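> could you look at this predicted model? Sequence included:
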Amino acid sequence: MVRVIVPSFLRTLGRVPAEVELEVAPPVTQRAVLDALEARYPALSGTIRDHVTKARRPLVRFYACSEDLSNESPDSILPDDVARGKEPFLVVASIAGG
Amino acid sequence: MKIRVLVGTKKGAFILTSDGKRKSWKVSGPLFSGWEVYHMAGSPADPDRIYASQTSGWFGQVIQRSSDGGKTWETPGGGPEKGPDGMPRGESNKFVYEGKVGQHLFYDGSLRPWEFKRVWHLEPSLDDPDACYAGVEDAALFKTTDGARTWKELPALRTHATAPKWAPGAGGLCLHTILLDRKVPGRMFVAISAAGVFRSDDSGASWRPMNKGLHSDYIPDKKAEVGYCVHRIAQHPAKPDVLYMQLHGGVLKSEDGGGLWKDISKGLPNDFGFPIAVDANEPDTVFVIPIDPEKGRIPPEGKLRVYRTKDGGRSWKAMTKGLPQEHCYVNVLRDAMAVDSMDPCGVYFGTTGGQVYHSADGGDSWRPIARDLPHVLSVSVQTIG
């Protein structure tokens, strides 16, 4: 079970709880986790990644296990602690502006 | 009779309601708190159907829809429903250009590929609550026919032969005005900053520029077909061949469906501004709000004045009663003025300072019906009953 935490704006938009638990079959990658998240909450489609290219939106970041994974390949394997649900996968709205 | 004023701001949306007397107003909101709401519009075919363009620099575009007059909202297709392939829909915010994505001029004279950024303006169909047009940045026209579950581009506009010469205005390369002709089936007008006015006579299948008579200091070619930073155009339903324009430097009028534009700004303190609106009952009565572009886009002399012509632009008179006449430094954006359909006509506008002003007597006098909202991006009005 993968745990995902989404930023507050998207919780309101997609009626998403603070923490989402998703069944993600191995290999557990960014792409697989986000596909599962959007399948559960279709209103989030296009908000974290571009609808067509699936590229991460520039001001959205992905953190896990105290690491910034934003620029990792979407198909890189996420840390084992994320795959086992010990640590959450965080979708973060970056600080921009004052 | 009921009036519903839909206000989009930089930090959410608000709905202001009153009865036909227009004296007592109820403010509800914020809706979509923290998101920019570029525009909200109600369907002429079903006033309970309202569309909203919600956007964010972080999370992109979202389209919201209400089917109960704004009490509840949904992202169409954002629920458990599935598409034909069994996948969740979630496509109400999917705006994808059709076919080859061309290039347009950028500020520095280079060419840039078209890139969707946001929906500036929503224009619901005149007769189908599930149909709505969307004017977007980078400039293109989209349409939904399924209540905003999906959107499809009408690509003939973006692929027009002049498109490589279109360039962004200060706010971006945006399609900000859509006029659906109520008398001539299939005829519609759009305005793009900075390209100009385009007209279709076949429901968007083909387009032609309608910018003859326009002049702008920043365009060296005095006969340029496109490139004009049109801020807004307006039309009265009863006289659809008469169009009014607030240009980036000029207030103009066309009496032949956009074929030729003539300047009517004589008598105004300034020919710059953003919105322009036509009285619902008097097709020759038009409202503009002059803004000084040289001093940071503020009202000239710090006086917030609505200028009204009652003779189609031959003369203008300042409407000041109830509006601040000293130390006022707000702006009024292009989609932030609208009229109701009452008699006398109600006029409404919102400012970048968060005030929404209202006149219930055709502009003679004004009062604020909301004072401290966030920066207002758009105002539209529904007259119900």
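The structure has been received and is ready for your questions. Just so we're clear, the structure is a prediction, and the values are computed from it rather than from any experiment. Numbers count the residues shown, from 1 in each chain, chains lettered A, B, ... in the order given.
> so which strand or helix has residue 27?
Let's take chain A. Assignment of secondary structure by DSSP states H and E places A:Pro27 within no helix or strand.
> was after chain B, sorry
strand B:26-31.
> give the rounded mean pLDDT of that strand.
The average of the pLDDT scores along strand B:26-31 is 96.
> strands paired with it, and their directions?
strand B:12-19 (antiparallel) (DSSP bridges).
> coming back round to it: run the chain-centre distance for the strand holding B:Val27.
What separates the centre of strand B:26-31 from the centre of its chain is 21 Å, taken as CA atoms, centre = their mean, to the nearest Å.
> contact partners of that strand?
Applying CB atoms under 8 Å, 6 or more residues apart in numbering or on different chains, the external contacts of strand B:26-31 come out as B:7, B:9, B:11-18, B:37, B:52, B:64, B:70, B:73, B:369-370, B:374. Bear in mind the C-beta positions are built from the backbone N, C-alpha and C, glycine included.
> tell me the confidence at B:Pro88?
The model's pLDDT for B:Pro88 equals 56.
> filter the contacts of strand B:26-31 down to the buried ones and hand me the PyMOL line.
Provided next is the PyMOL selection string for whichever of these are buried by 16 or more other CB atoms under 10 Å in any protein chain shown:
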select buried, chain B and resi 7+9+11+12+13+14+15+16+17+18+37+52+64+70+73+369+370+374
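> for the closest residue to chain A within the stretch 251-385 of chain B, give me its contacts.
Nearest to chain A in the stretch 251-385 of chain B, going by CB to the nearest CB, is B:His375, at a distance of 14.2 Å. Under the criterion of CB under 8 Å, 6+ apart, the neighbours of B:His375 are B:Thr9, B:Lys10, B:Lys11, B:Thr352, B:Gly353, B:Gly354.
> touching chain B at all, the worst-scoring helix or strand of chain A on mean pLDDT?
Every helix and strand of chain A was ranked by mean pLDDT, DSSP states H and E. The lowest is helix A:8-14, at a mean of 91. Yes - interface with chain B: helix A:8-14 contributes A:Phe9, A:Leu10, A:Thr12, A:Leu13, A:Gly14 (CB under 8 Å from any CB of the partner chain).
> for the second one, what are its contacts?
Residues touching A:Leu10, when contacts are defined by CB under 8 Å, 6+ apart, comprise A:Val16, A:Leu44, A:Thr47, A:Ile48, A:Val91, B:Phe59.
> on that earlier part again, just flag the most distant two among the residues of helix A:8-14 next to chain B.
Greatest spatial distance among those (CB to CB): A:Phe9 and A:Gly14, at 9.7 Å.
> of the two, who's got more company?
A:Gly14 (23 against 17; other CB atoms under 10 Å in any protein chain shown).
> pretty sure the more buried one sits against A:Gly46.
No - counting by CB atoms under 8 Å, A:Gly14 stays clear of A:Gly46, with 11.2 Å between them.
> for B:Pro44, the count of nearby residues, please.
For B:Pro44, the neighbour count with other CB under 10 Å is 17.
> my read: it touches B:Pro124, true?
Yes - using CB under 8 Å, B:Pro44 is in contact with B:Pro124, at 6.5 Å.
> around chain B, pick out the residues from chain A.
Counting by CB under 8 Å from any CB, the residues of chain A that sit close to chain B are A:7, A:9-10, A:12-14, A:38-39, A:41-48, A:50-52, A:57, A:59-60, A:93-94, A:96.
> filter those residues down to just the ones in helices.
A:Phe9, A:Leu10, A:Thr12, A:Leu13, A:Gly14, A:Glu38, A:Ala39 (DSSP state H).
> roughly how far apart are the last one and B:Ile289?
It refers to A:Ala39. Between A:Ala39 and B:Ile289 the distance, using CB to CB, to the nearest Å, works out to 48 Å.
> so for the two, which sits in the more crowded spot?
Taking other CB under 10 Å, A:Ala39 and B:Ile289 do not tie; B:Ile289 has more neighbours (27 against 15).
> name the nearest residue to the more buried one, ignoring sequence neighbours.
Nearest non-adjacent residue to B:Ile289, counting by CB to CB, 6 or more residues apart in numbering or on different chains: B:Val332, 4.8 Å away.
> try B:Trp35
Excluding the flanking residues, the one nearest B:Trp35 by CB to CB, 6+ apart is B:Gln54, at 4.7 Å.
> so what's the one you found up against?
So, once contact is read as CB under 8 Å, 6+ apart, B:Gln54 ends up touching B:Ala13, B:Phe32, B:Trp35, B:Glu36, B:Val37, B:Gln61, B:Val62, B:Ile63, B:Gln64.
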